[in-house]
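Undergrad: structure for this input, please:
(one chain, ligands or ions: 3)
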Amino acid sequence: MESLEKSIEKHIEALNEFTATPNNGTTRLTYSKEDLQARNYIKEQMKELGLEVREDGLGNIFGKLEGSLPDAPSVLVGSHFDSVPNGGAYDGPAGVVAGLEVASLFVKNGLKPQYPLEVFALVEEEGSRFGGGLMGSRGIVGMLNEKDFKELKDKDGISTEEAMKQIGLDPTLPKQRKPETMKAYLELHIEQGPILEEKNIPIGVVDAIVGLAQLEVTIEGQAGHAGTTPMDRRSDSLVTAAQIIAKLPELAIQEGNGSVITTGRLNVFPNGANVIPQKTVFSVDIRSGKEENVQSMIKKTKDLIHSYNGNGIRISYEEQLYIQPKAMNPEVVSLLKEQSAELDIPYCSINSGAGHDAMVFSDYTAAGMVFVPSKNGLSHCPEEWSDARDLAKAVQILYGAAKILTEAE
Ligand code: HGY
Ligand code: MN
Ligand code: MN
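TA: Ligands and ions are numbered 1, 2, ... in the order given. Below you'll find the predicted structure:
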């Protein structure tokens with residue numbers, strides 16, 4: 001009989017085959033060929049477990065183990081299965097695999113839950129293709145409405161609906177689900193930071209998740225010839241962008257309280273070595289544990305950007321995502337800690353500097369998360385790695401919690 005660790009490793013390796021950048025990390029953009037391959041794998045595993053499989057109008061996947069109570073709300077266990085460009089194998093898939101393993105333990109132990117258990121796999125948590133992020137979860141709870149969803153386009157101008165149809169998904173299916181259909185939400189995720197490894201503790205029970213904002217800034221100047229345009233007659237969008245970006249880290253340092261600010265994406269148009277850049281578009285990712293710090297940095301960033309308007313430079317920005325800091329559900333937090341203690345698994349409380357779908361669901365159902373250590377604290381890179389033994393411990397904790405949550409009080 002295959003051990004839990006071996007089964008987890010097998011699923012992680014299988015999913016990691018579905019990448020657009022083999023030998024250079026995981027690149028699995030939403031509604032891409034790689035999405036479809038991973039989706040088919042996940043649905044296949046759900047069917048093998050005897051789960052009732054469905055996809056919603058956003059392409060989120062659900063595998064339901066029906067409960068004995070009629071029309072009862074589900075206990076959800078899962079995560080997302082999209083990635084950042086050249087990311088790692090565990091960010092997202094570790095939680096989806098945990099959901100599959102929890103369901104597998106229910107089936108192997110012949111558990112007939114009273115409340116249904118639903119394994120889920122969400123799309124576009126990272127926002128790598130359509131911007132912002134947390135798209136699949138925001139669509140489920142209605143934070144992202146139909147109109148805004150339809151208007152989302154990738155960098156090639158392909159809309160969400162077109163991209164869905166290209167891989168055989170149906171955007172006309174229902175997207176939103178009522179809060180009363182959800183009893184609890186459990187998510188295993190890699191920590192993506194150094195704390196658990198430094199403490200040598202295998203499990204972190206998440207108390208709260210930072211608030212975050214994502215801006216997209218567009219700087220427009222004037223294209224021109226690199227050789228014939230005198231330096232005092234240029235409106236160079238890239239130079240302006242560089243001046244702004246260089247000043248952003250200081251805003252976070254001044255703000256303190258663990259605030260962070262990052263420019264991770266930058267696109268230059270027309271991107272010719274001998275052409276003065278006409279347009280430069282870049283991202284600004286702002287986070288902090290307290291809402292007032294997030295708001296303060298958004299304002300300071302916007303003021304800084306505006307100060308560069310003029311002399312042929314025109315600046316605009318779009319706020320692609322804003323979500324306040326979120327606390328996990330206290331009862332679920334306690335349950336996860338109790339399960340860890342009962343299983344004699346060392347754990348600690350931890351706050352998340354990464355954003356997660358759990359922060360979206362936390363306003364609509366009882367949400368909780370467990371973290372496992374990330375090797376060298378690395379994530380969002382090919383070096384991302386977590387120990388299957390830690391993942392197996394987290395699965396056992398989620399299984400214990402899901403057993404209790406799927407039993408009638
Ligand atoms: O950016 C984040 O925090 C998450 O990985 N989407
Ligand atoms: Mn993630
Ligand atoms: Mn991520």
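
Undergrad: what is the one helix or strand residue 401 maps to packed up against?
TA: Using DSSP states H and E, residue 401 maps to helix 388-405. Applying 3 or more CB pairs under 8 Å, 6 or more residues apart in numbering; DSSP states H and E, one finds that helix 388-405 contacts helix 4-16, strand 74-80, helix 93-108, strand 182-190, strand 203-209, helix 330-342, strand 366-372. To be clear about C-beta, it is placed using only N, CA and C from the backbone, and glycine gets the same treatment.

Undergrad: buried sites along the first one?
TA: Right, the one you point to is helix 4-16. 4-5, 7-9, 11-12, 14-16 (16 or more other CB atoms under 10 Å).

Undergrad: closest point of the stretch 201-350 of the chain to ligand 2, which residue?
TA: Ligand 2 sits closest to residue 209 of the stretch 201-350 of the chain, with a gap of 11.2 Å, by CB to the ion.

Undergrad: what's the pLDDT at the residue of the stretch 101-250 of the chain found nearest ligand 1?
TA: Distances between the stretch 101-250 of the chain and ligand 1 by CB to the nearest ligand atom are smallest at residue 126, namely 4.8 Å. Per-residue confidence (pLDDT) for residue 126: 98.

Undergrad: nearest residue to it other than its sequence neighbours?
TA: Leaving aside its chain neighbours, residue 126 sits nearest to residue 84 (5.0 Å; criterion: CB to CB, 6 or more residues apart in numbering).

Undergrad: likewise for residue 158?
TA: Nearest to residue 158 is residue 166, by CB to CB, 6+ apart, at 8.0 Å.

Undergrad: please identify the helix or strand for residue 124.
TA: Assigned by DSSP H and E, residue 124 belongs to no helix or strand.

Undergrad: now do the same contact list for it.
TA: Going by CB atoms under 8 Å, 6 or more residues apart in numbering, residue 124 touches 30, 58, 80, 82, 130, 133-136.

Undergrad: the residue most central in space within the chain: what's it in contact with?
TA: Centroid-nearest residue in the chain: residue 125, 3.4 Å away (criterion: CA atoms, centre = their mean). The contact partners of residue 125, by CB under 8 Å, 6+ apart, come to 79-80, 82, 92, 133-137, 356-357.

Undergrad: if we go to 10 Å?
TA: Contacts here follow CB atoms under 10 Å, 6 or more residues apart in numbering; on that basis residue 125 touches 30, 79-84, 91-92, 95, 133-138, 355-357, 360.

Undergrad: now, those residues that are in strands?
TA: Counting by DSSP state E, the members of the contacts of residue 125 that fall within strands are 79-80.

Undergrad: which bits of the stretch 251-400 of the chain sit near ligand 1?
TA: By CB under 6 Å from any ligand atom, the part of the stretch 251-400 of the chain that sits against ligand 1 consists of 354-355.

Undergrad: what's the domain layout of this protein?
TA: Here the domain parsing of the chain from automatic domain parsing is 2-210+325-406, 211-323.

Undergrad: any idea how far the last one is from the middle of the chain?
TA: Between the centre of domain 211-323 and the centre of its chain there are 23 Å (CA atoms, centre = their mean, to the nearest Å).

Undergrad: now the terminal residues of that domain, how far apart.
TA: Its first and final residues considered, domain 211-323 spans 6 Å by CA to CA, to the nearest Å.

Undergrad: also the longest one?
TA: Start to finish, the residues bounding domain 2-210+325-406 are 26 Å apart (CA to CA).
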